[in-house]
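K.L.:
Fold the following and give me the result.
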Amino acid sequence: MIGIVDYNAGNITSVERALKALGIDFILSKKPEDLKDCEKLIFPGVGDAAYAMKQLAESGFDKFLKEWCAENKPLLGICLGSQIIFDWSEEGGTDCLGLVKGKIQHFQTLSPDIKSHGIKVPHMGWNNIVRENGDCPILKDVPLASDFYFVHSYVICPENESVIKAYADYGVKVPAVIQCGNIYACQFHPEKSGEAGLKILENYCNA
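P.N.:
From the prediction side, this is the model:
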């Protein structure tokens with residue numbers, strides 16, 4: 001059974017719809033105890049890092065997710081959920097979950113003149129990804145030329161760049177797929193990215 005973490009900061013409906021289309025059984029809950037017997041978790045998210053961390057603390061999901069990953073159980077972070085698995089976010093100067101070493105920085109911190117080159121922030125819309133650092137199970141049989149749907153103003157900056165399994169080019173290198181042990185993350189929205197995105201979700205849920 002797949003568990004979806006609902007902490008009032010997630011793109012829940014589109015994730016539910018995608019799993020239903022794939023015929024994958026799942027449970028959605030705002031309570032950690034409801035998800036403790038799941039085989040894998042999906043950790044979606046949109047919006048502000050500080051608000052999300054507050055919601056996680058109030059619900060007990062912050063402790064639950066740390067314990068879950070300490071037991072080497074699979075987790076897939078999506079969008080904001082791909083960012084707050086790291087140590088710290090520049091958005092609100094927020095301490096995050098610390099499941100993977102690294103920080104989250106704004107596009108303009110990484111490239112102060114990015115807008116002068118005609119690049120709009122947030123990074124919003126379709127972009128293709130480039131593979132690196134070997135194979136990744138959730139990218140199996142995903143066509144190399146696939147585009148994915150991005151919406152974000154902050155960029156994942158892992159301490160160890162070998163966890164980056166794919167990136168997008170948007171004025172700076174944008175880590176798009178992360179794998180650190182059994183922790184996976186997609187900066188883009190696979191649930192909104194057509195057949196290629198559904199394949200990623202299928203790979204994760206059924207592997």
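
K.L.:
By residue count, tell me the biggest helix in the chain.
P.N.:
In the chain, with assignment by DSSP state H, the single longest helix is helix 194-206.

K.L.:
where's that helix relative to the chain centroid, distance-wise?
P.N.:
Distance, stretch centre to chain centre, for helix 194-206: 14 Å (Cα atoms, centre = their mean, to the nearest Å).

K.L.:
what does stretch 85-92 give?
P.N.:
13 Å.

K.L.:
Can you give the contact residues for it?
P.N.:
Contact with stretch 85-92 is made by 43, 48-50, 75, 77, 83, 94-106, 109, 153-154, 156-158, 183, 185, as judged by Cβ atoms under 8 Å, 6 or more residues apart in numbering. Using the backbone N, CA and C atoms, a C-beta is placed for each residue, glycine as well.

K.L.:
Any quick PyMOL command for the buried ones out of the residues you listed?
P.N.:
This is how PyMOL selects the buried members of the contacts of stretch 85-92, with burial counted by 16 or more other Cβ atoms under 10 Å:
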select buried, resi 43+49+50+75+77+83+94+96+97+99+100+102+103+104+105+106+154+156+157+158+183+185
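
K.L.:
Okay, buried residues for stretch 113-125 please.
P.N.:
I114, V121, H123.

K.L.:
measure that stretch end to end?
P.N.:
Stretch 113-125 has an end-to-end distance of 21 Å (criterion: Cα to Cα, to the nearest Å).
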